[in-house]
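Participant: No sequence on hand, only this structure:
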């Protein structure tokens, strides 16, 4: 419940993925600053020790991985790392024992000792050093605390990007259908057997279903609900596999957190790949950490290889899927790459482009500070020193090609050291979003179902729409985060002033009801084209008078149209509008803007103490690519109405995390020259401003020099 002391529902936010493991992590507040060390032939133990010592001196505190030659004694190397103050695992201090009251009492320590005091207490440190060394002596180095996500989860199913099921999966699928629908009649109704032009079956028993269902779903593409069911079944089986792997691995060493998420872009069409990333994150509530891999050369092809803004979008999506849990990037780029990335199998338009990036002392700070701003708590960088041959040879590394620390190494270490020193404050920090960008697996799955008929591009559209609205909000310095259907049903809607539904092809009746309650209580709901086409039953969503949609938005949708330059062109003012357009008929809503010819382009409906807006054109999809400032401004203006962001940054981008003791602002300059950015906190009063990286006081945030393609971190003490 929202209170004056908790206006962003922080207690509820934290509770969404609550578990003993997450409570332990909040007590320890780890902040790994990890790198991958790669041994090269001819290195001596003294050479390896020198690398570890250099890591520690520069601000790194753990090894994300340690890749050693076959004949090297890895246990000796791991003990040597500990000798130099480097924990030899990605999770750093998260692998310590849980400082419960009983454990502290057994060590003769006060139960109310603070995390900061605990980290410097010699009794505790000596005990945890013994715990880590015992782990080295008994553990197989191949036994990484990571839950795999790379299999389909159902024996005999086709690959994730393919459609249908193999016969081996039939029994599991029927069991899943029985649990979901209970009766055969309910299944037949859900699969629209009562409609004409459907390949229906006269099923009466589950035995009949079992005999025919695999053949039906593997060829039948007229009904979208059954396609979505296949995708959902495969996603659920994948989740079941991950839970089993977690439950097998966790007891082996209960002190060690597990991680999963994976070596994959968060811009992938996950529903089309039968993967529920929010569900995977929830499994890690009890396991430990949820993470994405963030290598621009591998994982930004779906964002057209754009750099600065997608970093924050990636970090935000992972954090927002795992609200209250420990999210971070445990597999992220440490240096430039050109040759060894960008397989681009999902976006044909970029297959013939070089997936190359500059990663220098400025851009590495953009990366790391954007991860922090998105809510990540820790860093895992591939790698410290590059491979010396073949694939990825000389790429991705913090050190230069000669394995020597350089300006990039020093800059990354400074960020890591500053973050680690402020970890208590950063663990208590949260985003304070004005806008919730809605995302739901089911709606994405309907886009995937539409794509099955040969229009493969459609499965990417919900991703592109989220990129578009996120871009517009980032460029306008509006704080936002993703909000999911699960979040709404858990009661989190009041955390936001605005909930934006980007290209929401399908909308559940339950979601509409939740949004109606949200609007009646004072919230603002925004929908753009082509939203509201289907319900989650796969049928056309009712938008007529009296429907939940009409009561919320005050319009009915009479048709979906399309504007294109070589056919019929729709105009808003002097601007041609491309793409989907809604033919809306206002019932109770006011028309705020019209297309040329008079058709409503923007409507706003008063709902209780709030409002609901329809943008009858591709607003979010239209902002997928950069540099359409007119459309971005239009989107933000109608999304916010009379609301405004609590801060602004003239000349650059700004993100904020708020904690009880200080607010943290992250400023980005995406231009090729040094710029002075002006941060305006709009009346918020602070005692002083600091630069945590340089350890200096900042006189005023109104003129902050930021290097080309660089970033600055400001701490505003309350």
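Facilitator: All right, it came through fine. Since this is a predicted model, take the numbers as computed values, not measurements.
Participant: Pull the contacting residues for residue 485.
Facilitator: Neighbour list for residue 485: 438, 440, 441, 442, 508, 510, 511 [criterion: C-beta atoms under 8 Å, 6 or more residues apart in numbering]. Any C-beta I mention is one placed from the backbone N, CA and C, and that applies to glycine too.
Participant: got the contact list for the fourth one?
Facilitator: Contacts for residue 442 (C-beta under 8 Å, 6+ apart) come out as 228, 232, 271, 485, 506, 508, 536.
Participant: pretty sure it is in a strand, no?
Facilitator: No - note on residue 442: no strand contains this position according to DSSP: H, G, I helix; E, B strand; the rest coil, which reports helix.
Participant: What's the local residue count around the nearest residue to residue 393 once chain neighbours are set aside?
Facilitator: Nearest residue to residue 393 in three dimensions, chain neighbours excluded: residue 387, at 5.1 Å (C-beta to C-beta, 6 or more residues apart in numbering). Residue 387 sits with 18 neighbouring residues when counted by other C-beta atoms under 10 Å.
Participant: what pLDDT does residue 387 get?
Facilitator: Per-residue confidence at residue 387 stands at 94 (pLDDT).
Participant: What of residue 154?
Facilitator: Here, the pLDDT recorded for residue 154 equals 52.
Participant: sorry, back to before: going through the contacts of residue 442, which ones are buried?
Facilitator: When neighbours are counted using 16 or more other C-beta atoms under 10 Å, these contain these buried positions: 228, 232, 271, 485, 506, 508, 536.
Participant: Looking at these, which one is closest to residue 89?
Facilitator: Of all these, the one with the least separation from residue 89 (C-beta to C-beta) is residue 271, at 33.2 Å.
Participant: wait, doesn't that closest one sit right on residue 445?
Facilitator: Yes - under the criterion of C-beta atoms under 8 Å, residue 271 makes contact with residue 445 at 3.9 Å.
Participant: thinking again about what came up before, out of the buried ones among the contacts of residue 442, flag the one nearest to residue 717.
Facilitator: Taking C-beta to C-beta as the measure, residue 485 is the one of those closest to residue 717, at 38.1 Å.
Participant: how much space between the closest one and residue 541?
Facilitator: Here the criterion is C-beta to C-beta, to the nearest Å. By it, residue 485 lies 15 Å from residue 541.
Participant: cool, and residue 11?
Facilitator: On the measure of C-beta to C-beta, residue 11 and residue 541 end up 34 Å apart.
Participant: neighbour count winner among those two?
Facilitator: In terms of neighbours (other C-beta under 10 Å), residue 541 is the more surrounded of residue 11 and residue 541; the figures are 21 against 13.
Participant: Out of the contacts of residue 485, which is nearest to residue 718?
Facilitator: Comparing the contacts of residue 485 against residue 718 with C-beta to C-beta picks out residue 438 as the nearest, at 31.6 Å.
Participant: so who does the closest one touch?
Facilitator: By C-beta under 8 Å, 6+ apart, the contact set of residue 438 is 482, 483, 484, 485, 499, 500, 501, 502, 504.
Participant: what's the answer for residue 338, then?
Facilitator: By C-beta under 8 Å, 6+ apart, the neighbours of residue 338 are 297, 354, 355, 356, 357, 395.
Participant: Work out for me the element residue 376 sits within.
Facilitator: Element membership of residue 376 [criterion: DSSP states H and E] is none; it lies in no helix or strand.
Participant: Quick one: buried ones out of the contacts of residue 338?
Facilitator: For the contacts of residue 338, burial is judged from neighbour counts taken by 16+ other C-beta under 10 Å, and it is met by 297, 355, 357, 395.
Participant: Residue 472 versus the last one, what's the distance?
Facilitator: Distance of residue 395 to residue 472, computed by C-beta to C-beta: 33 Å.
Participant: Run a quick check on residue 529 versus residue 503, I expect a contact.
Facilitator: Yes - in terms of C-beta under 8 Å, residue 529 counts as a neighbour of residue 503; the distance is 7.3 Å.
Participant: between those two, what contacts are shared?
Facilitator: Residues within reach of residue 529 and of residue 503 at once, by C-beta under 8 Å, 6+ apart, are 618, 621.
Participant: Let me know the helix or strand that residue 556 is in.
Facilitator: Secondary structure assignment for residue 556, by DSSP H and E: strand 555-563.
Participant: Can you give the strand pairings for that strand, parallel or anti for each?
Facilitator: Each strand that pairs with strand 555-563, with its direction, by DSSP bridges: strand 579-586 (antiparallel).
Participant: The partner strand: what's the following helix or strand?
Facilitator: From strand 579-586 onward toward the C-terminus, using DSSP H and E, the following helix or strand is strand 590-594.
Participant: Buried residues, the strand holding residue 556. List them.
Facilitator: Residues of strand 555-563 classed as buried: 555, 556, 557, 561, 563 (neighbour count, 16+ other C-beta under 10 Å).
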